[in-house]
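Asker: Have a look at this prediction, sequence included:
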Amino acid sequence: MKVKVPKVPKVPKIPPLRVTLISARDMIVSGAPFIVVALILLGAAYLWLKPNPPNKVVLATGPDQSAYAEFGKRYAAELKRYGIEVQLRATEGATENLRLLKNDKEKVDIAFVRGGASDAVQASDEEPGVTLESLGSLFYEPVWLFYREDAARKIVGPGAKGHEPPPPVLTELGQFSSLRLNLGTKGSGTGNLLTKLLRANRIDRNALNVTRLEPTPSVVALLNGEIDAVVFVSAPESPLIQMLLMTPGVRLFDFPQNEAYSRRFAFLSALTLPRGVVDLANNVPPDDVRLLAVTTTLVARPSTHPAILQLFVQAAQRIHGGTGWFARAGQFPSGEDAEHPLAPEAARFYKNGAPVLQRYLPFSLANLIDRMWVVLVSIIAVLIPLSRVIPPVYQFRIRSRVFRWYGQLRRIEDAAINHSAPADDLLRELDEIETRVGRVVVPLSHADELYSLRSHIDMVRDRLRALSATEASSAEAGTLVESATVE
């Protein structure tokens, strides 16, 4: 009797691209825990460091038409290129700016502060005691003491008979005691500075006829003859200063003892306004004018984002780094500030210049890398040992795809040995297993294990076929015995 041999099922053909994609998927799944840990560490580092700066920053400037206000507009334009909005907050001046920075309730991040303004704030009971950081010195702010020539002539006198009257030039601060002098608003710090100069000359400020007008109204009052003199502490970029320097009948006070003042007060510098620097064609001023000046700095709250500080220092170099009436190219900005500690970001800039990455990459990307590279290196150092578990996990996933079928083979083989199921049923079950195994995809590096499984399936099939033939022979022999018995 011929035994019917069942056909071996065809193994489906698997496209090579599918093999590649499944292998890549296995690699990704194997590395998923590693990737999750890396993302968690990166996310925690990002939340802790906060590398990206805020979109808005508040800069306290000064009164309208002042140098602070003009410079504030330039800083706003510079930072706008990086997507940072600089909100300019007009104030009375340096003293108010310093108070705003020291007050936690105020939303001021950075401000212009001139030298000597700290004394007025330290003497105030309103100081909360916040430690501020300097971004460096930016420019000189001379003490501009303008007075009307007709008022000065009353002090100098008409001169002797038959002689020309002396020029209406005031040479001593004490001569202003009989003039109507505007010291600016209380928050400007101008009055505090002039008070120090008066005390050094043993002059009681209470003896002066003082007004407290804002810059623009004070200039109008000076030109109208309502006051006799006005004092400003401002950079020459102020439109009001430039206008008064060109106004006939208004004279700028010359400080003949400017060197002596600079020795007495550490925050003061002795400067000279060169002849003709205002207007060469008209020779304005007609002579060198000796002046006193304070140095203005950018001061920031310690909570201000480091990236904002870096951008402000870079902007300061572009705005104040050129030549001027009193400074040579490259003199400003400078890291020298005796009143406030220099911020680490500013010290880094003055030592090394702008970050290297910002020269080649967009600011946002360069800043992100610059702020997080130390943490990235630390995370990589932690993840390298963890990455060693990926190959074993990957290998386990691939091999388990093959080895799990050996349990089925063992079950079928045990059933055949124990005769707990007909061989034909076991053969059909084996064929189904082989069909399913044919759909298993493994990388070429593990193909030997898959082919080994298929050979073992064939080996079990041979045993089952032999057992099926034996069962068929036994069944046929039993049928013949029954037939003979019946006969």
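Answerer: Everything's here; your move. Numbers count the residues shown, from 1 in each chain.
Asker: Does residue 440 touch residue 450 like I think?
Answerer: Yes - counting by Cβ atoms under 8 Å, residue 440 touches residue 450, with 6.4 Å between them. C-beta coordinates here come from the backbone N, C-alpha and C atoms, glycine included.
Asker: between these two, who's got more neighbours?
Answerer: Neighbour tally, residue 440 and residue 450, criterion other Cβ atoms under 10 Å: the higher count belongs to residue 450, 21 against 17.
Asker: center of the chain, which residue is that?
Answerer: residue 307 (2.5 Å; Cα atoms, centre = their mean).
Asker: I'd like to know how far it sits from residue 318.
Answerer: 17 Å (Cβ to Cβ, to the nearest Å).
Asker: show me where the stretch 101-250 of the chain has strands.
Answerer: Secondary structure of the stretch 101-250 of the chain (DSSP state E, counting those that start in this stretch): strands at 110-114, 133-148, 180-182, 209-211, 229-233, 250-252.
Asker: Which one, of these, ends up nearest to residue 314?
Answerer: strand 133-148 (10.4 Å; Cβ to Cβ).
Asker: OK, contacts around residue 307?
Answerer: Taking Cβ atoms under 8 Å, 6 or more residues apart in numbering, we find residue 307 in contact with 51-53, 367, 371.
Asker: One more pass at 7 Å, please.
Answerer: 53, 367 (Cβ atoms under 7 Å, 6 or more residues apart in numbering).
Asker: what do you get for residue 77?
Answerer: Counting by Cβ under 7 Å, 6+ apart, residue 77 has no contacts.
Asker: can we see that at 10 Å?
Answerer: Neighbouring residues of residue 77 by Cβ atoms under 10 Å, 6 or more residues apart in numbering: 86, 315, 319.
Asker: Among those residues, which ones are in strands?
Answerer: Residues of the contacts of residue 77 located in strands (DSSP state E): residue 86.
Asker: wait, which of the contacts of residue 77 is closest to residue 115?
Answerer: Closest approach to residue 115 among the contacts of residue 77 (Cβ to Cβ): residue 319, at 18.9 Å.
Asker: With adjacent residues omitted, what lies nearest to that closest one?
Answerer: residue 74 (5.1 Å; Cβ to Cβ, 6 or more residues apart in numbering).
Asker: Hmm, residue 369 is touching residue 355, no?
Answerer: Yes - counting by Cβ atoms under 10 Å, residue 369 sits close enough to residue 355 to count as a contact (9.2 Å).
Asker: Between these two, which contacts overlap?
Answerer: residue 361.
Asker: Show me how far stretch 101-108 is from its chain's centre.
Answerer: On the basis of Cα atoms, centre = their mean, to the nearest Å, stretch 101-108 is displaced by 20 Å from the centre of the chain it belongs to.
Asker: Equivalent analysis for stretch 401-411, please.
Answerer: Offset of stretch 401-411 from its chain centre (Cα atoms, centre = their mean): 58 Å.
Asker: How about that stretch, which residues are buried there?
Answerer: Neighbour-count burial for stretch 401-411 flags 401-402, 405, 408-409 (criterion: 16 or more other Cβ atoms under 10 Å).
Asker: can you tell me which of those lies nearest to residue 177?
Answerer: The closest of the buried residues of stretch 401-411, once distances to residue 177 are taken by Cβ to Cβ, is residue 401, at 100.4 Å.
Asker: got the contact list for residue 239?
Answerer: So residue 239 contacts 64-67, 69-70, 215-216, 219 (Cβ under 10 Å, 6+ apart).
Asker: about what we covered before: how about the residue nearest to the centre of the chain, phi and psi?
Answerer: Backbone torsions of residue 307, given as degrees, to the nearest 10, read phi -70, psi -40.
Asker: what about residue 363, how many residues close to it?
Answerer: Neighbour tally, residue 363, other Cβ under 10 Å: 20.
Asker: circling back to that earlier point, quick one: which of residue 369 and residue 355 has more around it?
Answerer: residue 355 (20 against 15).
Asker: Look up the closest residue to the more buried one, ignoring the ones flanking it.
Answerer: Nearest to residue 355 is residue 370, by Cβ to Cβ, 6+ apart, at 5.2 Å.
Asker: so residue 434, which of the three states?
Answerer: Counting by DSSP: H, G, I helix; E, B strand; the rest coil, the backbone at residue 434 sits in helix.
Asker: ok, so what distance separates residue 51 from residue 355?
Answerer: 13 Å.
Asker: intersection of neighbour lists for these two?
Answerer: Residues touching both residue 51 and residue 355 (Cβ under 10 Å, 6+ apart) are 307, 367, 369-371.
Asker: Please consider this matter closed, and thank you.
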